[in-house]
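Student: Fold the stuff below for me.
(chains A and B)
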Amino acid sequence: MSLQPFFVMATFTAPERLATDPQSMLWMLPLVAAIAVIYKATKMPAITTALFFKETAILFGSIVVFIIVTALVLFALVWLMAL
Amino acid sequence: MPLLSKENHLISLFVVGLLGWLLPGAGHFILKEKKRAVIIFVTITLTFCAGLYIGSIGVIDPVGATPWYVYAAQIISSPIVLGLGHISAGGGFPVYGWPNEIGQIYTSTAGLLNLLCVINALYLAHLRATEVTGA
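Tutor: Residues are numbered from 1 along each chain as shown, chains lettered A, B, ... in the order given. All right, here's what the predicted structure looks like:
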């Protein structure tokens, strides 16, 4: 009997080592992708592959741009308050 | 007769909602929305498993440091969370800091996305039933 399934299951019993650096903010991207996919899957009246990918990509981009703009505005506010 | 059909309608809504909770996408599958069902199943399962992989099954903690609303959101993704919570309740899988937060965010977001899908499946089932009966 192969031990492979047990090794796979074992990876779910110990946490990963994640650094608390700016790059760790990239963990938001898979979550944003999941939100965009599910939202479009529930909202589109008919699902075709090309249109679904296009709509999802647009929503994904919109959310990421909005987050970046919000971060920049907050950063500017803190910078102004610190002057 | 109208009372019976209303009762059947409520039972069908209950079945759709229950299936959608038991297995993400199953509510849409029973409504013959197979593409949506597959997309929902794959996305929610991957998001939930990513959270478990990052933070381990210790991120599902019904009695420890986890806020109750995080556990409640995790439960919505699937009843399997109840079993995982039973396993991790003894504190045998400690997880702290950033992996704990990322894992909790991923697993609870998967649950909230499944709630959205269950509500959508219920809405579709209700619309179809009212279209058929003309109510």
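
Student: Might you list the low-confidence residue ranges for chain B?
Tutor: B:1-4, B:64-66, B:132-135 (pLDDT under 70).

Student: Grab the most central residue of it for me.
Tutor: Residue closest to the mean C-alpha point of chain B, counted by Cα atoms, centre = their mean, is residue B:77 at 2.6 Å.

Student: swap in chain A?
Tutor: residue A:29 (2.4 Å).

Student: Show me what the helix or strand that residue falls within is packed against.
Tutor: For residue A:29, the host element (DSSP states H and E) is helix A:28-43. The contact analysis (3 or more Cβ pairs under 8 Å, 6 or more residues apart in numbering or on different chains; DSSP states H and E) places helix A:28-43 against helix A:49-82, helix B:34-55, helix B:97-133. The C-beta positions use only the backbone N, C-alpha and C, and glycine is treated the same way.

Student: Tell me which residues of it come out buried.
Tutor: By neighbour count on 16 or more other Cβ atoms under 10 Å in any protein chain shown, the buried set for helix A:28-43 is A:31, A:32, A:33, A:34, A:35, A:36, A:37, A:38, A:39, A:40, A:41, A:42.

Student: gap between that helix and the chain center?
Tutor: Offset of helix A:28-43 from its chain centre (Cα atoms, centre = their mean, to the nearest Å): 8 Å.

Student: same deal with stretch A:74-83?
Tutor: 27 Å.

Student: what sits up against that stretch?
Tutor: By Cβ atoms under 8 Å, 6 or more residues apart in numbering or on different chains, the list of residues contacting stretch A:74-83 from outside is empty.

Student: check contacts around residue A:22.
Tutor: Going by Cβ under 8 Å, 6+ apart, residue A:22 touches no other residue.

Student: Got the phi and psi for it?
Tutor: phi -60, psi -30 (degrees, to the nearest 10).

Student: again, but for residue B:82
Tutor: phi -60, psi -40.

Student: What number of residues are in the vicinity of it?
Tutor: 13 (other Cβ atoms under 10 Å in any protein chain shown).

Student: which residues does it contact?
Tutor: Taking Cβ under 8 Å, 6+ apart as the criterion, residue B:82 is in contact with residue B:75.

Student: Where does pLDDT dip in chain A?
Tutor: Low-confidence segments of chain A, defined by pLDDT under 70, span residues A:1.

Student: ok, back up a step: okay if I get the buried residues of helix A:28-43 as TSV plus distance to residue B:96?
Tutor: TSV is the format used below for those (distance: Cβ to Cβ, whole Å):
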residue	distance to residue B:96
A:31	21
A:32	25
A:33	27
A:34	25
A:35	26
A:36	30
A:37	30
A:38	29
A:39	32
A:40	35
A:41	35
A:42	35
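
Student: If we ignore the residues flanking it in sequence, what's nearest residue B:31?
Tutor: In space, and not counting its chain neighbours, residue B:31 is closest to residue B:124: 5.5 Å by Cβ to Cβ, 6 or more residues apart in numbering or on different chains.

Student: Surely the one you found is in contact with residue B:36?
Tutor: No. Because the distance of 9.0 Å does not satisfy Cβ atoms under 8 Å, residue B:124 is recorded as not touching residue B:36.
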